[in-house]
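J.: Sharing a model prediction with you, sequence too.
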Amino acid sequence: MWEMIMGELDHAMQELARNFAHFLPRLLAMLIIALLGWVVAYVIKFSLRGILRIAKFDKLSDNAGATQLLNKLALPSSSELLSRTVFWVVWLGFILLGVQVLGIVGLQEHIARIFLYLPRLFVALLIFFFGLVAASFFSRAALLAAVNAGSPSPGLLATLIRSIIIIFAVTMAFEQLGLGERTILVAFAIAFGALMLGLAIAFGIGGRDLARRFLERRFLKETQEQKQDELSPL
Amino acid sequence: MDLLVGVPTHNNAATVGEVVQAIRVGLLKYFPRERVVIVNADGGSKDSTRDVIAAASINDVQHSSDLYALRTLHCISTIYEGGPASEVALRAILAAAELSRAKACAIIAPESTSITPDWMERLLRPVYRDDFDLVTPLYRRHKFDGLLLRNLVYPMTRALYAKRLREPYAVEFAFSGRLGSHLLEQQVWDHGAGGVGTEMRVTLAAMAGQFRLGQTFLGTKQHLDSGSADLVPAMRQTVGTLFWSLDANFQLWSANHPTESIPTFGAEHDLTAEPIRVNRKRLYQLFTSGVGELEPVLKSIVSAQTLTEIQSIAKLAEDDFRYPHELWVKTAYEFAASYHKSVINRDHIIQALAPLYRGKVYTFLLENRDASAEEMEAHVETLCLTFERLKPYLLDLWNAKE
């Protein structure tokens, strides 16, 4: 009896040792991959930070209004944030690759899914960033045009344009991520439609006289007044 | 070919006939022995511009006056591809001048109905006979006409390029074959702002290339096109082009040369003062509302101190409002430095300057309401000297690290 117990224990210990001996190289391989990944990720982070600095990415981010947003959230500058994000994405990629080497059943499928999701996340972030850039550019263009034309409420117009473009960019980014596609699309359509309808009603009923005066001034009197009042700059 | 006169057109049927007739009479009267050609570069006119030119060229002016041509006066009309563009038109005329080896060329705007035959002599003779390379016009103007030139373009060009050329933006000018060939070889055509300000680029290229410059008095400046009152396009053509030129010509303008006067044929300035209606209140309102609304944009272009000063004058009552010379010059230089560094979109920088310029114009109108021509000239001279005095300020901004 005692011999049987000892035999089983010995067998279990041998099995454990064999499994451990079998697992150890994989663990070492994973650690090496993770270490290599850290080095690669660090080099990429360092290079990317330099490239972004040369490309004046922070200035672009300033212009897009992204810096203000980051400051409010107590986050570092855009170039620093992007290079850090890339560092973590690359390192995480290597770690996941290492985990895959361990050969844990069931984990591989999840890791594959994460890898498939990364490009979508990246595209969504890109869409959001360029949405901010476009919103900043077009709202500033509208502001300048309205100010130089002497139009009423140029700030309101610029804010409206900025908001519409940002909402549009966020909708596109969520659609890319596959998060509540239908809900967001419907919400956007309702909000946008309601806004346009509201403006149409406001302009058509509330501002009927204003619109008439504006059109009269624009097409009937303005040319004559302009010739009388505006000085030729050249 | 001895002389070439270029007329760039696009839908100018209403005025171009009169202009071409005046050119023909001028050429027959003052250059009867020279081999002459008129070249029309048309941007695809939809009206009868080209027919009018053809009719004007076959119209026998000799019968209507005492003029006799000793040589055939050719008139060629060509259409260039890609729609109306002053840049392409000028390039086509320059190419024609080089191909025909013309010694002197003149460009005449098709809307210049105030043209007289004398213009041909006044523009072409200094180039053809006296070896000038570029002759720009001087006009008789109303004292409140051309204020962008007098308050910004002329003083700043003079301070930076050290040439006292009164009309750096000239739609009528004459140039030598040598300068024409130089322009064709230069990068002046690769302008990032959509090909605006071609005429200004010619002047700046001639200044940068140290060509021999002259000015000639042509008489009254007439504004027929409604677009002449549009401030932002005018600023793009002149101020935008001037700012753009500073990148390429840094070595030249950063050197400390004393300003040179330019040989002038006829009166250097001639101002008229008949009463005109000016809406000063609108200028003041556009300035104050512009400063208020554009604060975030101005913040990225001018320094904090300059912005504070601009905001403080924007709070002044209409009668007390003044945009001091020094503040205006600093504003202009800070805009130029921001344009160089592309702190925001370059076209937006030019547009953001428009409301501030209106404030300066308002001050100019107040200060010169009852001023004589001499007093106004003295005011412009003071502004020019302020631009020259503060040139090191621009250099500091230019060289400062971001």
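T.: Now that the structure is in, tell me what you want to look at.

J.: Going by C-alpha atoms from here, please, whenever you check contacts or count neighbours.
T.: Will do.

J.: Tell me where chain A has helices.
T.: A:2-54, A:57-64, A:66-72, A:78-102, A:107-149, A:154-177, A:181-201, A:208-216, A:222-229 (DSSP state H).

J.: Show me the shaky parts of chain A.
T.: Within chain A, the segments meeting pLDDT under 70 span A:64-65, A:72-73, A:206-211, A:213-230.

J.: Break it down into its domains, please.
T.: According to automatic domain parsing, chain A comprises the domains A:1-104, A:105-179, A:185-222.

J.: Of the helices of chain A, which is nearest chain B?
T.: Minimum separation from chain B across the helices of chain A (C-alpha to the nearest C-alpha) falls at helix A:222-229, 4.6 Å.

J.: tell me how far the ends of stretch B:75-91 are from each other?
T.: For stretch B:75-91, the separation between the terminal residues is 18 Å (C-alpha to C-alpha, to the nearest Å).

J.: Show residues contacting that stretch.
T.: B:8, B:10, B:37-44, B:50, B:53-54, B:57, B:92, B:184, B:189, B:195-196, B:198 (C-alpha atoms under 8 Å, 6 or more residues apart in numbering or on different chains).

J.: Spell out which parts of chain B neighbour chain A.
T.: B:144-149, B:169, B:223, B:226, B:228-232, B:234, B:276-279, B:286, B:289-290, B:293-294, B:297, B:343-344, B:348, B:351-352, B:354-355 (C-alpha under 8 Å from any C-alpha of the partner chain).

J.: Show me the shaky parts of the stretch 151-300 of chain B.
T.: B:187-195, B:223-229.

J.: so where do the helices sit in it?
T.: For the stretch 151-300 of chain B, the helices defined by DSSP state H, counting those that start in this stretch cover B:154-161, B:177-185, B:198-208, B:231-235, B:241-248, B:250-254, B:280-293, B:295-301.

J.: Of the domains of chain A, flag the one that's most buried.
T.: Highest mean neighbour count of these: domain A:105-179, a mean of 18 (counted as mean count of other C-alpha atoms under 10 Å in any protein chain shown).

J.: show me where pLDDT drops low in the stretch 301-402 of chain B?
T.: For the stretch 301-402 of chain B, the ranges with pLDDT under 70 are B:401-402.

J.: which residues does B:Ala41 bridge with?
T.: Bridge pairing for B:Ala41 (DSSP bridges) gives the partners B:Pro8, B:Thr78.

J.: contacting residues for it?
T.: Taking C-alpha under 8 Å, 6+ apart, we find B:Ala41 in contact with B:6-9, B:77-80, B:89-90, B:92-93.

J.: any idea how far B:Val5 is from it?
T.: Computed as C-alpha to C-alpha, the B:Ala41 to B:Val5 distance reads 11 Å.

J.: ok so, going back, any chance of JSON lines for the domains of chain A, columns distance to B:Tyr139?
T.: Listed next are the domains of chain A as JSON lines, based on distance: least, C-alpha to C-alpha, whole Å:
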{"stretch": "domain A:1-104", "distance to B:Tyr139": "43"}
{"stretch": "domain A:105-179", "distance to B:Tyr139": "28"}
{"stretch": "domain A:185-222", "distance to B:Tyr139": "28"}
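
J.: With distance to chain B added, can I get these in a markdown table?
T.: Shown next, in a markdown table, are the domains of chain A (distance: least, C-alpha to the nearest C-alpha, whole Å):
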| stretch | distance to chain B |
| --- | --- |
| domain A:1-104 | 7 |
| domain A:105-179 | 6 |
| domain A:185-222 | 12 |
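
J.: Walk me through the domains of chain B.
T.: According to automatic domain parsing, the ranges for chain B are B:3-272, B:280-399.

J.: how many other residues sit next to the residue nearest to B:Gly359 when sequence neighbours are not counted?
T.: Counting by C-alpha to C-alpha, 6 or more residues apart in numbering or on different chains, B:Gly359 lies nearest to B:Phe287, which is 5.2 Å off, once chain neighbours are set aside. Each residue near B:Phe287 was counted by other C-alpha atoms under 10 Å in any protein chain shown, and the total is 26.

J.: List the residues that contact B:Phe287.
T.: B:314, B:355-359.

J.: Leaving out the residues flanking it, which one is nearest to the residue most central in space within chain A?
T.: Closest to where the C-alpha atoms of chain A average out (C-alpha atoms, centre = their mean) is A:Leu125, at 2.3 Å. The shortest distance from A:Leu125 to any non-neighbouring residue, by C-alpha to C-alpha, 6+ apart, is to A:Ala173 (7.0 Å).

J.: Thank you kindly, that will do.
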